[in-house]
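S.K.: Sequence first, predicted model second:
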Amino acid sequence: MARDSRTLSARAVLNAPAAERQHLLRRFWLPAVLLLALAAGGLTGIIAAYELNYSRAANEVAALATYRPSVVTRVFADDGETVIGEFALEKRIPLKYEEIPQVVKNAILAVEDARFYDHVGIDPIRIIGATWKNLTTDKVEGGSTLTQQLAKNLFLSREQTLKRKVNEWALALQIERYYTKNQIMELYANHTFLGANAYGIEAGAETYFGKQAKDLTIGEAALLAGVPKAPSEYSPTANAVKAKERRDLVLDLMAKHGFATQAQVDAAKANPIQLADTAYYQSQPRSSPFDYPVEQVRQDLEDKYTTRVAQGGLSVYTTINVEAQKKAYEVVRAGLRRYDRSRGWRSSYTMVPTSAQNGAGPPAQQELNNFKHPDWYGNEYQEGRFLMGLVMKVDRAKNEATVRFGNYTATVKPTEMGWGHRPPRDEFKVGYLAEFEIKEVDKKTRRLKVNLSQVPAVQGAMMTLNARTGEIVTMVGGYDFYSTSKFNNVTQAYRQTGSCFKPFIYTA
């Protein structure tokens, strides 16, 4: 009788004749033994790799005791108090654990690790829960703890491999071994990236809300706590809609885990995101009378201190006088504008790119409404100031143009076309960026009266010295450091010997 091997039981194998039993054992048990050997070998390899990484992680984590995060270097004027410039690879203002507001800690715990105080760096309960949710639903949930997030931020790349995960576990356990929970929270709150070159809660609060972390509301704290998952996606200046969705999710989690009442959460979710006027300009360079001397200071310092300049939190004191520098800056710019005017009108403008110009994407008008220019930083306008304006509309019938300057607008008529002499309907196109001089400011209606100007196509320079001490009091290297040229005509432009001697002849 033929035997069906698929229905053989262990008893049947044992009761079979000796020769057949030997054949069946080789057929069924040998693969099982080999499989167990392979599993044991793999497990041994993982354990060995873990132990090796655990010992290596101990050295890396121990170094955190002397951890000094990159902080801002500040440059001061001759009074020793006025900050005229900053250098930073990462904008960071460290806080001690006691200085981190409880509402911020609660928001971080709610979204990152509600069981933070109940595990030793790895949370098996959370891992099992996340795995089950990933298998049974369409949602993807991570099982990493706050300590693991810190390990990734400080030591690891973003690659998704088993080796990196083993390293992450080893580092997390070592961090918990060496540091208290409060120290781990302090490190995380000061190191996490929040977009716009802001690192840490204090820098994030200043960047987005123009305030210190201690003054954050529950909604603002929730927004900042939600950004680290994907700063390019959840930053409120990058995507206001997704930032609000993420903020509301963090608020719901705060209520779920008992960090806030439902009434507090409902009230916070009802409020729109209110950013500081300066939030959209934090990552954009803004022109200043001090750009050229500050850049010269940076170059001189980097020759001596290399990367410490942008990372070491230095305080640099210069001999630049604030009021004299501002005056020199305006004098150089006025002189260049006068000379440029004598060379004729050029009708030279920059066109702000929009999707509609290529025949696709959202309407150009909406993109123009969202456009931000560094000149509009703070909306601090005063008579006599020159700044860039964006042409939003050209009314050919009325022969006038509507120009936007941040939150201010101006209607430019033929009499306000400066010395260009061409009327607005012939000179302007929607999307043009042009330079204007402010003639009047109405803060109540946010209206300006302006005259068309043009950015000079010529450069000049000025430097003044204290004749007694030789100290540099002012340095202006060109018309505008960011919009025209970073070339410093004081220190980088070479001159003939005869030209250098002319000042002594003319002042003799």
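M.R.: Everything's here; your move. Quick caveat, the model's predicted, so the values are computed rather than measured.
S.K.: Spit out the contact partners of Met254.
M.R.: Contacts for Met254 (C-beta atoms under 8 Å, 6 or more residues apart in numbering) come out as 106-107, 110, 218, 222, 260, 265. C-betas here are computed from N, CA, C, even on glycine.
S.K.: Considering those, which possesses the most neighbours?
M.R.: Within the contacts of Met254, most neighbours by other C-beta atoms under 10 Å means Ala222, with 31 neighbours.
S.K.: From Phe259, how far off is that residue?
M.R.: According to C-beta to C-beta, to the nearest Å, Ala222 stands 10 Å off from Phe259.
S.K.: Overlap in contacts, those two.
M.R.: With C-beta under 8 Å, 6+ apart as the test, Ala222 and Phe259 both reach Ala107.
S.K.: and which of the contacts of Met254 is nearest to Arg468?
M.R.: Proximity of the contacts of Met254 to Arg468 was ranked by C-beta to C-beta; the top entry is Ala107 with 56.8 Å.
S.K.: which stretches of the stretch 351-500 of the chain have low pLDDT?
M.R.: Judged by pLDDT under 70, the stretch 351-500 of the chain has its weakly predicted residues at 355-363, 379.
S.K.: Show the residue spans covered by the strands in it.
M.R.: Taking DSSP state E, counting those that start in this stretch as the test, the strands found in the stretch 351-500 of the chain are 386-395, 400-405, 408-412, 432-442, 447-452, 462-465, 472-476.
S.K.: Buried residues in the fifth one, which are they?
M.R.: It stands for strand 447-452. Neighbour-count burial for strand 447-452 flags 448-452 (criterion: 16 or more other C-beta atoms under 10 Å).
S.K.: measure the residue positioned nearest the centre of the chain to Thr161 for me?
M.R.: Central residue of the chain (C-alpha atoms, centre = their mean): Ala196, 1.9 Å from the mean position. Separation of Ala196 from Thr161 (C-beta to C-beta): 30 Å.
S.K.: ok, now how distant is Thr350 from Arg341?
M.R.: Counting by C-beta to C-beta - Thr350 and Arg341 are separated by 20 Å.
S.K.: Which segments of this structure make up each domain?
M.R.: Domain assignment for the chain by automatic domain parsing gives 98-281, 350-452.
S.K.: Any chance of those in TSV with distance to Gln325 as columns?
M.R.: Formatted as TSV, the domains of the chain follow (distance: least, C-beta to C-beta, whole Å):
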stretch	distance to Gln325
domain 98-281	22
domain 350-452	17
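S.K.: Among these, pick out the one with the most neighbours on average.
M.R.: Comparing those by mean neighbour count (mean count of other C-beta atoms under 10 Å), domain 98-281 comes out on top with a mean of 18.
S.K.: Give the rounded mean pLDDT of that domain.
M.R.: Mean per-residue pLDDT for domain 98-281: 88.
S.K.: Repeat that for stretch 321-335.
M.R.: 96.
S.K.: Now find how far off-centre it is within its chain.
M.R.: On the basis of C-alpha atoms, centre = their mean, to the nearest Å, stretch 321-335 is displaced by 32 Å from the centre of the chain it belongs to.
S.K.: Number of residues surrounding the nearest residue to Met475 once chain neighbours are set aside?
M.R.: Nearest residue to Met475 in three dimensions, chain neighbours excluded: Pro293, at 4.3 Å (C-beta to C-beta, 6 or more residues apart in numbering). By the criterion of other C-beta under 10 Å, Pro293 has 27 neighbours.
S.K.: OK, contacts around Val450?
M.R.: By C-beta under 8 Å, 6+ apart, the contact list for Val450 reads 389, 403, 410, 412, 416, 436-439.
S.K.: For my notes, please list these in TSV and give distance to Glu86 for each entry.
M.R.: Below are these laid out as TSV (distance: C-beta to C-beta, whole Å):
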residue	distance to Glu86
Gly389	28
Val403	32
Ala410	32
Val412	36
Glu416	37
Phe436	29
Glu437	29
Ile438	27
Lys439	33
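S.K.: Ile128 versus Val476, what's the distance?
M.R.: If you go by C-beta to C-beta, the gap between Val476 and Ile128 works out to 65 Å.
S.K.: Kindly report the same for Tyr377.
M.R.: Distance of Tyr377 to Ile128, computed by C-beta to C-beta: 50 Å.
S.K.: Settle this for me: Asp442 is touching Thr409, isn't it.
M.R.: No. Applying C-beta atoms under 8 Å as the test, Asp442 and Thr409 come out as separate, 10.5 Å apart.
S.K.: what touches both of those two?
M.R.: In contact with both Asp442 and Thr409: Leu448, using C-beta under 8 Å, 6+ apart.
S.K.: what comes into contact with stretch 482-489?
M.R.: Under C-beta under 8 Å, 6+ apart, the answer for stretch 482-489 is 285-287, 291-292, 295-296, 374, 388, 455-456, 459-461, 475, 477-479, 493.
S.K.: Please list only the buried members of those residues.
M.R.: By 16+ other C-beta under 10 Å, the contacts of stretch 482-489 give 286-287, 291-292, 295-296, 388, 455-456, 459-461, 475, 477-479 as buried.
S.K.: Which of the buried residues of strand 447-452 lies at the shortest distance from Thr82?
M.R.: Among the buried residues of strand 447-452, and counting by C-beta to C-beta, the member closest to Thr82 is Leu448, at 28.5 Å.
S.K.: Skipping adjacent residues, who's closest to the closest one in space?
M.R.: Counting by C-beta to C-beta, 6+ apart, the residue nearest Leu448 is Ala410, at 4.2 Å.
S.K.: In contact with the one you found: list those residues for me.
M.R.: 389, 402-403, 436, 447-450 are the contacts of Ala410 under C-beta under 8 Å, 6+ apart.
S.K.: Can you lay out those residues as a markdown table showing distance to Asn182?
M.R.: Shown next, in a markdown table, are these (distance: C-beta to C-beta, whole Å):
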| residue | distance to Asn182 |
| --- | --- |
| Gly389 | 51 |
| Thr402 | 55 |
| Val403 | 53 |
| Phe436 | 54 |
| Arg447 | 53 |
| Leu448 | 52 |
| Lys449 | 57 |
| Val450 | 55 |
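S.K.: Go through these and name the one nearest Pro272.
M.R.: Arg447 (25.5 Å).
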